[in-house]
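> The sequence isn't on hand, but the structure is:
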C-alpha cells in the first residue's frame, strides 16, 4: 500500500503478509468494535470466531464449524415470498426478526435481510437481472442473470486504453437503461482549462432526466438503508460472527459474465487471445485497487470469490492455466499480501483443477466446494488450505433428516481429521427443510468434536 490507511497499525507497511493476517484474525476474534448485547453473547462470539480462525489456520478446533444453507427459509416460514422481500424490505426485516427469535439459538445462525433492491433496479432500468415481478413470476424464488454481449470484440482497445471512460460512456449505458444519455458526454479527459463544451452538455434534456432518475434511485436506496441499518450488525452483537467482507471476481469472469458473455469470451480465447489477456490484466489492477480501498477493509478478514467459468468442462486445463488462473492469482496475491483470506467458491466441480490451484501460502485460502470430490480435495489441498462444502442443496430441500445426517457424517469423517474443515452446503438452498438443517448441525455436534 502506498500509505497507511485509517484503522491499520503504524507499522503495517513493514509487517509480513502472515503478520497482517494474524492481526486481522486476532481483531476478528476479540470483536473489539462489537457492542455485545450481554456477556453471554460475547463469550459465544469468541468461541465461534476462534473456532473459525483455527479452521482457517488448519488447526483442530473444539468441533467442526457448520455453515447452514438457510437461504430463503426465514421468508417462507413467515408467509412472504422473494418478491415481497425485495420490494417491501420492512417485511423482510420482520420475517428475519421472527426467525431469529425462534431459531437462532437452536441453529446457531442469525438471519439478516439481504435482499435485492428491486424498486431501485427498476428505476435504473437494470438489464443484467430478471427478478420476481420483473421478468419473472412474482412467485419465483429469486433473481436470474441475463447473459448477453454487452461489449463487442472490437471494443477491447477502448477498454484497455481508458477503462473508466469505456465504463461511463459505453458499457454502463448498455446495462442501465437510464444511463443511455451518458453517450452524449465527451470524455472527461477532454476537460482542459475552460470546460464550457463538456459541462454545457449537462443541460441536455436527456441528461437532466438521467440525473433525476439517479436521485430517485438514490432516495429509494436511502429509504431501504434507514429500515435495515438498525438491524445490520445484530448478528455479531448476539454472538454470531460474520466472516465475509467483500466480493472478489476472477478477471476472466468479470469480462466473461457481464461484458462479453460466455459464448463470446470462449471465442476470444482463439480469435483475440492477446487482447483478452491484456484486458484481464487491466481489470485485475482495477479490481485490486477497488478491493483494497473498500469501506471498512481494515475490519475484514476474508474476500469471497464466486468462481463462475473455471469449473471442469468450461475450458481445457491448458486454457485454464493461461487465461483463468494467472489474473485471478494476481488479485489474490495482492489481497493475501494485505493479510486477507481468500474464500474461493468453486461452483460446479473442480476435480480436474485441484492439482493446479494450490499456489498460495498455507492458511491464506479456504475453498468452498459445490460438487468436487471432497476426499481428493482433502488429499490434494488439505495441508495448505481449509475446505468446506459439498452437502447437496437438493438433499437439504428434498431429502429426510436421516439421509442428511448420514451424508454429513461421511463428510466429517473424510474431511475433518487434522482440522481445516467446515461443514457446508455446495450452494444456497431455496426453501430448505428446517429438520434437515437441524440434522446438519446435529451431525457436527455428534461426529465433529475433536478430542483434546
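Perfect, thanks for sending it. Everything numeric here is computed off the predicted structure, so don't read it as measured data.

> For the chain, give me the ranges with low pLDDT.
For the chain, applying pLDDT under 70 flags the ranges 1-4, 452.

> Just the strands from it, written as ranges.
For the chain, the strands defined by DSSP state E occupy 65-67, 129-132, 135-136, 144-145, 244-247, 302-307, 341-346, 365-369, 386-389, 421-424.

> what about these, which gets the closest to residue 212?
Closest to residue 212 of the strands of the chain is strand 129-132 (Cβ to Cβ; 22.7 Å). Where you see a C-beta, it was placed from the backbone N, CA and C, and this is true even at glycine.

> which other helices and strands contact the closest one?
With contacts taken as 3 or more Cβ pairs under 8 Å, 6 or more residues apart in numbering; DSSP states H and E, strand 129-132 sits against helix 82-87, helix 118-124, strand 144-145.

> which outside residues touch the longest helix belonging to the chain?
Of all segments of type helix in the chain, defined using DSSP state H, the longest is helix 205-228. For helix 205-228, contacts defined as Cβ atoms under 8 Å, 6 or more residues apart in numbering pick out 89-90, 93, 113, 117, 119-120, 123-124, 178-182, 184-185, 201-202.

> One more pass at 7 Å, please.
Helix 205-228 is contacted from outside by 89-90, 93, 113, 117, 119-120, 123-124, 178-179, 181, 184, 201, using Cβ atoms under 7 Å, 6 or more residues apart in numbering.

> Quick check: buried residues in it?
For helix 205-228, a neighbour-count test (16 or more other Cβ atoms under 10 Å) marks 207, 210, 213, 217, 220, 224, 228 as buried.

> So which of those residues is the closest to residue 159?
For the buried residues of helix 205-228, the residue nearest residue 159 by Cβ to Cβ is residue 210; the value is 22.5 Å.

> closest one to residue 105 among the helices and strands packed on strand 129-132?
Short answer: helix 82-87, nearest of these by Cβ to Cβ, at 23.4 Å.

> which strands and helices sit next to the closest one?
When contacts are defined as 3 or more Cβ pairs under 7 Å, 6 or more residues apart in numbering; DSSP states H and E, helix 82-87 packs onto helix 89-107, helix 118-124, strand 129-132.

> Swap in 8 Å and give it another go.
So helix 82-87, by 3+ Cβ pairs under 8 Å, 6+ apart, packs with helix 73-77, helix 89-107, helix 118-124, strand 129-132.

> Residues contacting it, please?
Here helix 82-87 makes contact (Cβ under 8 Å, 6+ apart) with 72, 75, 91-92, 95, 113, 115-119, 131-133, 138-142.

> Just the buried residues from the residues you listed, in PyMOL please.
Here is the PyMOL command that selects the buried residues among these (16+ other Cβ under 10 Å):
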select buried, resi 72+75+91+92+95+113+115+116+117+118+119+131+132+133+140+141+142
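
> What is the burial count for residue 10?
Residue crowding around residue 10 was assessed by other Cβ atoms under 10 Å; the count is 7.

> can you list contacts of stretch 65-77?
Counting by Cβ under 8 Å, 6+ apart, 48, 51-52, 55, 81-82, 84-85, 92, 95-96, 98-100, 107-109, 111, 141-142, 388, 391, 393, 396, 422-425, 427-432, 434, 437, 440-441, 444 sit against stretch 65-77.

> Not counting residues beside it along the chain, what's closest to residue 27?
Distances taken as Cβ to Cβ, 6 or more residues apart in numbering put residue 299 closest to residue 27, at 7.1 Å, once the chain neighbours are dropped.
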